[in-house]
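**Q** Predicted model, plus sequence, below.
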Amino acid sequence: MASPGALSPEDRDAALSAMVGLSGESELDVLVVGGGVVGAGVALDAVTRGLSTGLVEQRDLASGTSSRSSKLVHGGLRYLEMLDFALVKEALEERGLLLTRLAPHLVRPVPFLYPLTHRIWERPYVGSGLMLYDGMATLGPLLSGTGGMGMPRHRHLTRKGVSRIAPDFRTDQITGAIQYYDAQVDDARLVMTIARTAARHGAHIATRVRVTGFLREGDRVVGVRAVDLEHPDSAELQIRARVVVNAAGVWTDEIQEMVGGRGALHVQASKGVHIVVPRDRIRSDSGFIVRTEKSVLFVIPWGRHWIIGTTDTPWDLDLAHPAATRTDIDYVLAHVNAILKEPLDHEDVEGVWAGLRPLLVGESEQTAKLSREHTVVTPVPGLVMIAGGKLTTYRVMAKDAVDAAAHTLRTLGPEPRESITDRVRLLGADGYETRSNQRVLLARRSGLHVGRIDHLLGRYGGLVDEVLDLIASRRQLALPLEGADDYLAAEVVYAVSHEGARHLDDVLSRRTRISIETFDRGVTAAPSVARLMAGELGWDQDEIDKQVSWWMHRTEAERLSQSMVTDAEADRARLEVTDLV
């Protein structure tokens, strides 16, 4: 039997039934459109305020921007240079909350070297900025009662000190460095965990459901029309809600056109490209940042790999499948090679991804600007739209969206309660510290290596027992996956039975990171993963072959797109393979 908060196939069917009123519920208080980090956050905020809540997502959880970020939870050093202290303070408080209270099993500190190139003025200038950064990270949470900093303070290094930490870093052009700390997270796992936590508290979560229009009573939005993409021949769904919250990210303009909103928001997609290289290609105990002509490039430790990125270029082509070009990859390699003794080349690149940031480029007089980073509007009664922002401050964005929805809800029923998500721990946070202390005991009981237990703790936290129970009942699930031996077979089964995975892409790209952490991008692992999924989803051999064949063709199209010079060429190559659903 699935645990509370599970997103099994049966749970999806039950959620859809409840949302369309087949289980005695005729109207939701809040319906969220969009299953990225903001949408999942809105669902959690709303349901924990006592509001009946549903969420629909046209593809998989975090299948857009929220699985293709730099995977950093950070305050934003660049905003200090812009003197936007309020924004930095807000982000640092959220970083501290995630590290110390809400998701300590998913979010962890990561060190960075900030190289110094000017002998006289730069060290005191950057050092004072990082002193302020650390100070705000400590003082703000203490004053607000949200917790402490949760990580070490910055420290100054000489060139010799840099060489000891990062032997492959070129020190001939620097005067030293300052090491500081931010945090990182598997962004897709964070989104899935937020959604599961919302489900645990009573929210209805359904993926592969596309909104096709809005239900109206006069000027007011009272719900949506939708189709179940897993059963496209079924009747159109009607989901009624007092307030619909659109958290569709780069699809905001499309939703706005659907409802006839008067241009309250305009979102421009900006493409950011990252590459993944093996950890042994750069000898360093710390991540580092590289100054570019536009911004900075992050070199981020990621298990047995490095993540290097990002770019920032306009994108006005296909929103579902942004494509990286050879030009993008060359740009990233050129900038990182400028500070490495042994340069990287295309042969070193294991994984590549392109993500789209939803940047606000215009606002109307209706806009309620809540920070420099995100905006909430109510273009028509009954509809709230939120756009902009970043991963780190998703909880604040969600709170602001539900606060805006509360204005409508007050006129239709009891006063909604205040947000409590600063105190609602995500699934897996409870029990994480205890299970971490018991790691050797868990290894002995399960027959797994302690390193495997550490891997599972970093992905599931206190829910590790559910994965170990699967292994205890089916010993073959303790085997590593062929072609992706960082992961166990049990993790694939758990992804389907508890984490909402319904297609091969969901597991290879988001529940795990096999698609970017293996040189063949999951081609070897795909058949065994599909067979494991088949046992949970009832696939026959034809469906297994279809899923695997699609993954092979998708990978080929992606590789081809990354050999193209222009965005238009890359887009055409990538779209040679369309989605299965």
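**A** Received the coordinates, thanks.
**Q** which stretches of the stretch 101-250 of the chain have low pLDDT?
**A** The model of the stretch 101-250 of the chain has pLDDT under 70 over residues 140-150.
**Q** now with 80?
**A** Within the stretch 101-250 of the chain, the ranges that satisfy pLDDT under 80 run 139-150.
**Q** in it, which spans are strands?
**A** 108-116, 155-157, 176-184, 204-207, 209-217, 220-228, 237-246 (DSSP state E, counting those that start in this stretch).
**Q** Residue 496: which of the ones you listed is closest?
**A** Comparing the strands of the stretch 101-250 of the chain by their distance to residue 496 (Cβ to Cβ), the top pick is strand 204-207, with 12.4 Å. In short, each C-beta sits where N, CA and C put it, glycine included.
**Q** which parts of stretch 408-423 are buried?
**A** Buried residues in stretch 408-423, counting neighbours by 16 or more other Cβ atoms under 10 Å, are found at 408, 409, 416, 419, 421, 422.
**Q** Next: stretch 171-181.
**A** Buried-residue list, stretch 171-181, by 16+ other Cβ under 10 Å: 171, 174, 175, 176, 177, 178, 179, 180, 181.
**Q** can you check stretch 124-131 too?
**A** Buried residues in stretch 124-131, defined by neighbour count with 16+ other Cβ under 10 Å: 126, 127, 129, 130.
**Q** how close does the third one sit to residue 136?
**A** According to Cβ to Cβ, to the nearest Å, residue 129 stands 11 Å off from residue 136.
**Q** Looking at strand pairing, list the partners for residue 305.
**A** For residue 305, the beta-bridge partners are residue 278, residue 302 (DSSP bridges).
**Q** circling back: dump the buried residues of stretch 124-131 into CSV; add distance to residue 211 as well.
**A** Putting these into CSV (distance: Cβ to Cβ, whole Å) gives the following:
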residue, distance to residue 211
126, 47
127, 50
129, 44
130, 44
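**Q** and residue 385, helix, strand or coil?
**A** Using DSSP: H, G, I helix; E, B strand; the rest coil, the structure places residue 385 in strand.
**Q** And it, what's its pLDDT?
**A** Residue 385 is assigned a pLDDT of 93 by the prediction.
**Q** That one: neighbour count?
**A** Using other Cβ atoms under 10 Å, residue 385 has 27 other residues around it.
**Q** Contacts only, for the nearest residue in space to it that is not next to it in sequence.
**A** Leaving out its chain neighbours, the residue that sits closest to residue 385 by Cβ to Cβ, 6 or more residues apart in numbering is residue 246, at 4.5 Å. Taking Cβ atoms under 8 Å, 6 or more residues apart in numbering, we find residue 246 in contact with 33, 34, 252, 255, 256, 383, 384, 385, 386.
**Q** In those, which residue is surrounded by the most others?
**A** Greatest neighbour count in the contacts of residue 246, by other Cβ under 10 Å, goes to residue 386: 31 neighbours.
**Q** wait, isn't residue 374 in contact with residue 386?
**A** Yes: Residue 374 lies in contact with residue 386 (Cβ atoms under 8 Å); the separation is 6.4 Å.
**Q** any common contacting residues for the two?
**A** With contacts taken as Cβ under 8 Å, 6+ apart, the residues that reach both residue 374 and residue 386 are 397, 400.
**Q** quick one on the thing from earlier: the buried residues of stretch 408-423 in helices, which ones?
**A** Mapping those onto helices (DSSP state H) picks out 408, 409.
**Q** between the buried residues of stretch 408-423, which is closest to residue 552?
**A** Nearest member of these to residue 552, counting by Cβ to Cβ, is residue 421, at 41.2 Å.
**Q** list the contacts for the closest one?
**A** Taking Cβ under 8 Å, 6+ apart, we find residue 421 in contact with 41, 44, 45, 48, 102, 395, 398, 399.
**Q** Let me see the contact set for the closest residue to residue 389 other than its chain neighbours.
**A** Once flanking residues are discounted, residue 389 sits nearest to residue 374: 3.5 Å by Cβ to Cβ, 6+ apart. With contact taken as Cβ under 8 Å, 6+ apart, residue 374 is in contact with 360, 386, 387, 388, 389, 393, 396, 397, 400.
**Q** Could I get the pLDDT score of residue 374?
**A** Predicted confidence (pLDDT) for residue 374: 86.
**Q** One more: residue 1?
**A** If you check residue 1, the pLDDT there is 47.
**Q** Then the one 4 residues further on?
**A** The pLDDT attached to residue 5 in the predicted structure is 92.
**Q** neighbours of the spatially closest residue to it that is not a sequence neighbour, just the number please.
**A** Distances taken as Cβ to Cβ, 6+ apart place residue 200 nearest to residue 5, at 3.1 Å, with adjacent residues excluded. Neighbour count of residue 200, defined by other Cβ under 10 Å: 17.
**Q** Equivalent analysis for residue 578, please.
**A** Using other Cβ under 10 Å, residue 578 is surrounded by 12 other residues.
**Q** Please identify which helix or strand holds it.
**A** Per DSSP states H and E: residue 578 is located in neither a helix nor a strand.
**Q** Check residue 505 too.
**A** Per DSSP H and E: residue 505 is located in helix 504-505.
**Q** was I right about residue 306 contacting residue 288?
**A** No: counting by Cβ under 8 Å, residue 306 stays clear of residue 288, with 10.0 Å between them.
**Q** between the two, what contacts are shared?
**A** Joint contacts of residue 306 and residue 288 (Cβ under 8 Å, 6+ apart) are residue 299.
**Q** could you dump the buried residues of stretch 171-181 to a markdown table with distance to residue 301?
**A** Below are the buried residues of stretch 171-181 laid out as a markdown table (distance: Cβ to Cβ, whole Å):
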| residue | distance to residue 301 |
| --- | --- |
| 171 | 19 |
| 174 | 20 |
| 175 | 24 |
| 176 | 21 |
| 177 | 16 |
| 178 | 18 |
| 179 | 13 |
| 180 | 14 |
| 181 | 12 |
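**Q** now, among the residues you listed, which is nearest to residue 84?
**A** Using Cβ to Cβ, these come closest to residue 84 at residue 180, 18.3 Å.
**Q** State the distance from the closest one to residue 74.
**A** The gap separating residue 180 from residue 74 is 10 Å, by Cβ to Cβ.
**Q** Could you do residue 224 as well?
**A** According to Cβ to Cβ, residue 224 and residue 74 sit 35 Å apart.
**Q** go on, residue 208?
**A** According to Cβ to Cβ, residue 208 stands 32 Å off from residue 74.
**Q** hmm, back to that, which of the buried residues of stretch 124-131 lies closest to residue 11?
**A** The nearest member of these to residue 11, counting by Cβ to Cβ, is residue 130 at 45.4 Å.
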